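Trainee: Sharing a sequence plus its predicted fold:
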Amino acid sequence: MVYKDGYEHFMLKEIHEQPKAVRDTLCAYVKDGVIDLSHTSLTDEFLRSLDRIYIVACGSAYHTGAVAKYTLEQLAGIPVEIDYASEFRYRNPILVKNSMVIIISQSGETADSLAALRLTKEHGVPVLSIVNVLGSSIARESDYTMYTYAGPEISVATTKAYSAQLIALYLFTIQMALSKQCMSTCEADALLMELDTLPTKIEKILEDKERIQWFASKYANAKDIFFIGRGIDYAICLEGSLKMKEISYIHSEAYAAGELKHGTISLVEDGTLVIGVLTQQELYEKTMSNMIEVKSRGAYLMGLTTYGNYNVEDNTDFSVYVPKTNPFFMTSLAIIPLQLMGYYVSVAKGLD
Ligand code: F6R
């Protein structure tokens, strides 16, 4: 499988493999329209007994955890704490009774994540790992493992494993909500049907990549890029910003939109690119008002939102639309243009 298949770089190839990674991960755990976690050994009785979840990971895997905090708390009503593995392992965490730690890792070998797993086990708390590499250390040492089916990821900057982790976390959330009777089977069916539409919607976004390429080449000389959003949109910003800085070497920060004004806004000057992520309808106006604040300081604004929100063009200089889906699943779609942005900016800069 280790070929570039005509793509210029593995990263671009893997960006295009995301519909398949999403489909394969869904197929692994949804049988005849019903979630089946029997391979992971997780039971409904065990899930019902949990009062708190800790999610521990590094980098992009942590960013999928940041999304899952919203889905698990809102849909399954369970409190969630998230930690960078490198912090968790040194902070003497207090792990309450009836809790579980979820370790998320593509490779299953990241040293801090593995150390966090071992520390959790010393506390006698069960661990569920969400891992892409079969038989990796994290998978082997966990009590429960939910594999993602992204296939081998060659690019150092993760894309398809990130997308597959999101799917595993959505499915885990739905099963948790069902076990805790926070969700009816009808509601779960509707969510599963929506998940089924994601691969086709991702394909549709990928078809429009030339527009992102054009914009990325225009902004290849940017000095700083800010990504702002609220709620799940903020979690999307974290990953968009990491993709950008990791491969384009442009300084970039993700900010919770409402927090920007508490100091950091002083860095926004004439021409600074600010990318606003506006996929969560109930937070749209709030984030937009933060975007207008930075515009008054001379920022160049890009808005990323869903089809239908065309009024975004009233205030932004460039807008990107993605198809609509359930707000809890928006990350799976909104991240695609941001991955493409990072990739095309680095290509435009002539980076390897
Ligand atoms: C970013 C990236 C890293 C990894 C992180 C964790 O593009 O790939 O941030 O997400 O190093 O790695 P895993 O998931 O293998 O534990």
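Mentor: Received it, and whenever you're ready, just let me know what you need.
Trainee: Mind listing what's buried along the helix or strand containing His63?
Mentor: Assigned by DSSP states H and E, His63 belongs to helix 59-76. Neighbour-count burial for helix 59-76, counted by 16 or more other C-beta atoms under 10 Å, picks out 59-72, 75-76. Quick note: C-beta positions are derived from backbone N, CA and C, even for glycine.
Trainee: wait, doesn't Lys349 sit right on Ser248?
Mentor: Yes: in this structure Lys349 lies within contact range of Ser248 using C-beta atoms under 8 Å: 6.3 Å.
Trainee: Overlap in contacts, those two.
Mentor: Ala220 (C-beta atoms under 8 Å, 6 or more residues apart in numbering).
Trainee: Compare the two and say which is more crowded by neighbours.
Mentor: Ranked by neighbour count (other C-beta atoms under 10 Å), Lys349 and Ser248 place Ser248 first, with 24 against 15.
Trainee: So which of the buried residues of helix 59-76 is the closest to Ala164?
Mentor: Thr64 (9.3 Å; C-beta to C-beta).
Trainee: Show me what from this structure comes close to the ligand.
Mentor: Counting by C-beta under 6 Å from any ligand atom, the chain comes close to the ligand at 58-61, 105-107, 110, 113, 157-158, 242, 246.
Trainee: helix or strand right after the helix holding His63?
Mentor: Next helix or strand after helix 59-76 toward the C-terminus (DSSP H and E): strand 80-84.
Trainee: Mind giving me the packing neighbours of that following strand?
Mentor: Applying 3 or more C-beta pairs under 8 Å, 6 or more residues apart in numbering; DSSP states H and E, one finds that strand 80-84 contacts strand 52-57, helix 59-76.
Trainee: quick one: contacts for Leu72?
Mentor: Leu72 sits next to 53, 78, 80, 169, 172-173, 176 when contact means C-beta under 8 Å, 6+ apart.
Trainee: farthest-separated two in those?
Mentor: Between all members of the contacts of Leu72, the farthest pair (by C-beta to C-beta) comes out as Ile78 and Leu169, at 12.9 Å.
Trainee: out of these two, which sits in the busier spot?
Mentor: Higher neighbour count among Ile78 and Leu169: Leu169, with 24 against 19, using other C-beta under 10 Å.
Trainee: where does that one fall, helix, sheet strand or coil?
Mentor: Three-state call for Leu169 (DSSP: H, G, I helix; E, B strand; the rest coil): helix.
Trainee: Can you list the low-confidence ranges for the protein?
Mentor: For the chain, residues meeting the criterion pLDDT under 70 lie at 1-2.
Trainee: Looking at it, which residue is nearest the ligand?
Mentor: Gly59 (1.9 Å; C-beta to the nearest ligand atom).
Trainee: Please identify the helix or strand for the nearest residue to that residue once chain neighbours are set aside.
Mentor: Leaving aside its chain neighbours, Gly59 sits nearest to Leu242 (6.8 Å; criterion: C-beta to C-beta, 6 or more residues apart in numbering). Element membership for Leu242, per DSSP H and E: helix 232-248.
Trainee: What helices and strands are in contact with that helix?
Mentor: Using 3+ C-beta pairs under 8 Å, 6+ apart: helix 232-248 touches helix 59-76, strand 224-229, strand 251-256, strand 273-278, helix 330-348.
Trainee: packing partners for the longest one?
Mentor: Translated: helix 330-348. Here helix 330-348 touches helix 10-16, helix 160-179, helix 185-207, helix 209-218, helix 232-248, strand 273-278, strand 300-306, strand 318-322, going by 3+ C-beta pairs under 8 Å, 6+ apart.
Trainee: Identify the residues contacting the residue nearest to Ser49 when sequence neighbours are not counted.
Mentor: Spatial nearest neighbour of Ser49, excluding adjacent residues (C-beta to C-beta, 6+ apart): Asn98 at 5.7 Å. If a contact means C-beta under 8 Å, 6+ apart, then Asn98 has 49-52 as its contacts.
Trainee: could I get the helices and strands packed on strand 80-84 as JSON lines with distance to Gly263?
Mentor: Putting these into JSON lines (distance: least, C-beta to C-beta, whole Å) gives the following:
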{"stretch": "strand 52-57", "distance to Gly263": "28"}
{"stretch": "helix 59-76", "distance to Gly263": "22"}
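Trainee: list the contacts for Leu119?
Mentor: Counting by C-beta under 8 Å, 6+ apart, Leu119 touches 88-89, 93.
Trainee: could you say which helix or strand contains it?
Mentor: Taking DSSP H and E as the definition, Leu119 sits inside helix 111-122.
Trainee: returning to that earlier point: Arg48 versus the residue nearest to Ser49, what's the distance?
Mentor: 10 Å (C-beta to C-beta, to the nearest Å).
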